[in-house]
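[1] heads up, no residue letters with this:
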């Protein structure tokens, strides 16, 4: 195996939700999932500012970074799907 000297892989994702209320709902839904991460190979934190959610990922290797990234997207997508189910589009009325 080739050692490239990488110590950690880090990245952040900014998601603009369009309105602060939706951002707050998604933040409150996903934050506990990130706080109780079962892996010691990666860590994820989430911040909320106005209508923007920022997810920060730090991992030991590319596989754990990718897994944390995919999980983060899935949790956010699930939260958005739940919001859509609870508050259907007003144009359908």
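    Received, thanks. All values derive from a computational prediction rather than experimental measurement.

[2] so where's this structure uncertain?
    1-6, 37-38, 88-93 (pLDDT under 70).

[3] quick one: the strands in it?
    In the chain, the strands defined using DSSP state E lie at 9-16, 42-49, 52-59.

[4] got JSON lines for these, with distance to residue 78 and mean neighbour count too?
    All C-beta atoms are positioned from the backbone trio N, CA, C, and that covers glycine. As requested, the strands of the chain are arranged in JSON lines below (distance: least, Cβ to Cβ, whole Å; neighbours: other Cβ atoms under 10 Å):
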{"stretch": "strand 9-16", "distance to residue 78": "14", "mean neighbour count": "13"}
{"stretch": "strand 42-49", "distance to residue 78": "14", "mean neighbour count": "17"}
{"stretch": "strand 52-59", "distance to residue 78": "14", "mean neighbour count": "19"}
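
[5] Out of those strands, the one nearest residue 34 is which?
    Using Cβ to Cβ as the measure, strand 42-49 is the one of the strands of the chain that comes nearest residue 34, at 4.4 Å.

[6] Grab the nearest non-local neighbour of residue 65.
    What sits nearest to residue 65 in space, not counting adjacent residues and going by Cβ to Cβ, 6 or more residues apart in numbering, is residue 59, at 3.7 Å.
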